[in-house]
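**Student:** structure for this input, please:
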Amino acid sequence: MHLLISPAKTLDMDTTIAVPKTTLSPFEKDAAALIKDLKKLKATDIQNLMKVSPKIADLNAERFNNWSLPFDTTNAKAAIYAFKGDVYTGLDADSLSEDDMDFAQEHLSILSGLYGLLRPLDLMQAYRLEMGTKFANKKGKNLYEFWGSKITKEINNREQDIVINLASNEYFKAVDKKVLKAGIITPVFKDEKNGVLKVISFFAKKARGMMTRFIIQNHITNVEDIKNFNLGGYAFSEALSTDKEWVFTR
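**Tutor:** Below you'll find the model as predicted:
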C-alpha cells in the first residue's frame, strides 16, 4: 500500500529537526532542469504566472535564484518537515517516532510540481511551483506534460498493490492511471453542515493528514484496516462508499 499526498504552499525551512538519516529525490536532475528555466523569470513574470502578490513573487524569484545542487542538511530540509499547511497540521510529522518515519519512508510519497515525487526524508530546497501551473517548458506547455509518466513509473517501482489517494485533484492528475499498475482507493471526508453532508475543504485537507498519520502510526499494510480510521470524529460510511471511493463522515 502506498500513500500519496499533496505538498503545501507554506514552508518552514528554518526550524531545525534532528533527523537520523536523509535521502535524495530520484528526480533531482529533472528539478534542476525546471529551475534552470525558472531562474530566467523576473519577479513580475512569476507574479503573472502564479497569480500571486508582488511580495510572494519576489520571495520565489529569490528562492529560484538561490536553488543549487548538491543538497545536504546545511542547505536543504527533509520534505515531510519542510511543508506546513492543513494536511501537515493533521499529519503532525514532528511527533512521529523513528519507527513511524521508517514506515512512512517506505509507504508515503509527496507529489510535487518541482520535485515530481518526494519521499518523506528526501531533501528539498524552498520553492513554490504548483502542479497546475501552466509553465511552458521543453517538454510541453505545462508541468503535467513535463512529468509525463515519470512520476507514475516511480510509483510502480515502489511495488505496492494499492495506492491510497490522499492528494488533491490538481496533484493526482499527475499520476497516469493508464500506466499505474496498482489499484486506487480515494478516501473522501464529509462534514455535516445544515443537515447536509458535504466536503469542506479546510476540514478535508486536515483529515487527509490525520488519515496519513493514522496509517503511519499503526503501520497499516492491510487496506481494510483503514476503515477503522476514527481521528477527529470521523467514521467510515459503508452506505456512502464504493469500491474505489471510501467516504468518512462526521
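**Student:** and the closest residue to residue 140 other than its chain neighbours, how many neighbours does it have?
**Tutor:** By the measure of C-beta to C-beta, 6 or more residues apart in numbering, the closest residue to residue 140 outside its immediate chain neighbours is residue 146, 6.0 Å from it. Every residue, glycine included, has its C-beta placed from N, CA and C. Residue 146 has 22 neighbours, counted by other C-beta atoms under 10 Å.
**Student:** in the host helix or strand of residue 146, what's buried?
**Tutor:** According to DSSP states H and E, residue 146 maps onto helix 143-147. Residues of helix 143-147 classed as buried: 143, 144, 146, 147 (neighbour count, 16 or more other C-beta atoms under 10 Å).
**Student:** who are the packing partners of the longest helix along the chain?
**Tutor:** Counting by DSSP state H, the longest helix found in the chain is helix 201-217. Other elements packing on helix 201-217 under the criterion 3 or more C-beta pairs under 8 Å, 6 or more residues apart in numbering; DSSP states H and E are strand 2-5, helix 86-91, helix 98-107, strand 162-166, strand 183-193.
**Student:** just the CA trace of that helix, in PDB.
**Tutor:** This file holds the C-alpha atoms of helix 201-217, laid out as PDB (Å, rounded to 0.1, in the frame of the first residue of the first chain):
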ATOM      1  CA  SER A 201     -12.000  22.000   2.000                       C
ATOM      2  CA  PHE A 202     -10.300  23.100   5.200                       C
ATOM      3  CA  PHE A 203     -11.600  20.100   7.200                       C
ATOM      4  CA  ALA A 204     -11.000  17.600   4.300                       C
ATOM      5  CA  LYS A 205      -7.300  18.700   4.000                       C
ATOM      6  CA  LYS A 206      -6.700  18.300   7.700                       C
ATOM      7  CA  ALA A 207      -8.500  14.900   7.600                       C
ATOM      8  CA  ARG A 208      -6.200  13.700   4.800                       C
ATOM      9  CA  GLY A 209      -3.200  14.500   7.100                       C
ATOM     10  CA  MET A 210      -4.900  12.700  10.000                       C
ATOM     11  CA  MET A 211      -5.500   9.600   8.000                       C
ATOM     12  CA  THR A 212      -1.900   9.600   6.800                       C
ATOM     13  CA  ARG A 213      -0.800   9.800  10.400                       C
ATOM     14  CA  PHE A 214      -3.300   7.000  11.400                       C
ATOM     15  CA  ILE A 215      -1.900   4.700   8.700                       C
ATOM     16  CA  ILE A 216       1.700   5.500   9.600                       C
ATOM     17  CA  GLN A 217       1.400   5.200  13.400                       C
END
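**Student:** just after it, pick out the following helix or strand.
**Tutor:** That would be, after helix 201-217 and using DSSP H and E, strand 235-237.
**Student:** by contact count, what packs against that next one?
**Tutor:** If you count contacts as 3+ C-beta pairs under 8 Å, 6+ apart, strand 235-237 packs onto strand 245-249.
**Student:** which neighbours in the sheet does the strand it packs on have, and how are they oriented?
**Tutor:** Paired strands of strand 245-249, with direction, are strand 183-193 (parallel), strand 235-237 (antiparallel) (DSSP bridges).
**Student:** need those in a markdown table (columns: distance to residue 40 and mean pLDDT).
**Tutor:** Below are the strands paired with strand 245-249 laid out as a markdown table (distance: least, C-beta to C-beta, whole Å; pLDDT from 0 to 100):
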| stretch | distance to residue 40 | mean pLDDT |
| --- | --- | --- |
| strand 183-193 | 37 | 97 |
| strand 235-237 | 49 | 98 |
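**Student:** mind checking pLDDT for residue 158?
**Tutor:** As summarised for this prediction, residue 158 has a pLDDT of 87.
**Student:** that older thread, now for the strands paired with strand 245-249, which one comes closest to residue 229?
**Tutor:** Nearest to residue 229, of all the strands paired with strand 245-249, is strand 235-237, at 6.7 Å by C-beta to C-beta.
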